[in-house]
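[1] Below: sequence and its predicted model.
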Amino acid sequence: NVFCLACGPREDDEAAPRLPYSLATITRHVPPDVFKKFDAVRIGLVEGQLEQRYERRLDEELRRLQALDEADRKLMRHVRTVQNDLLTLRCPNPSGCRQPFD
């Protein structure tokens, strides 16, 4: 549920706030200084909502990890190692670059 602050949330994001007018319409009808203030407040609200969502997801993941026993945690570490070190294509530069390819 990540989106560009300039573009706003995707249409299919039901938790996203809805404006009664498009940003283009607001831009055409208000002075630039008023729009700057409006946009700063809008971005602040969106950032606050994203932070709350992130905090909830982080708490859920923490509870999930705490519920795992040691064997499950060890298995997850091995899976991450395989994914990150073996399955990720990286720069073969012997000098140690090892940056992952996009």
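    It's in.
[2] since we're on residue 90, how many residues are nearby?
    12 (other Cβ atoms under 10 Å). Every residue, glycine included, has its C-beta placed from N, CA and C.
[3] Distance-wise, check it relative to residue 51.
    Computed with Cβ to Cβ, to the nearest Å, the distance linking residue 90 and residue 51 is 32 Å.
[4] same question, residue 76
    Distance from residue 76 to residue 51, by Cβ to Cβ: 26 Å.
[5] Double-check that residue 34 belongs to a helix.
    Yes. According to DSSP: H, G, I helix; E, B strand; the rest coil, residue 34 belongs to a helix.
[6] Now for it, how many residues are close by?
    By other Cβ under 10 Å, neighbour count at residue 34 equals 11.
[7] from here on, count from 109
    Will do, 109 is the new start, and the previous item becomes residue 142.
[8] what are the ranges of the helices in this protein?
    For the chain, the helices defined by DSSP state H cover 131-137, 140-175, 178-189.
[9] Show me how far the helix or strand of the chain with the lowest mean pLDDT is from its chain's centre.
    The least trusted helix or strand in the chain, going by mean pLDDT, DSSP states H and E, turns out to be helix 131-137, with a mean of 84. Its chain's C-alpha centre and that of helix 131-137 lie 27 Å apart, by Cα atoms, centre = their mean, to the nearest Å.
[10] what does stretch 140-153 give?
    That offset, for stretch 140-153, works out to 22 Å (Cα atoms, centre = their mean).
[11] now swap in stretch 168-186 and tell me
    For stretch 168-186, the distance to the chain centre is 22 Å (Cα atoms, centre = their mean).
[12] which regions of this structure sit below the pLDDT cut-off?
    Applying pLDDT under 70 to the chain flags the ranges 109-127, 202, 204, 210.
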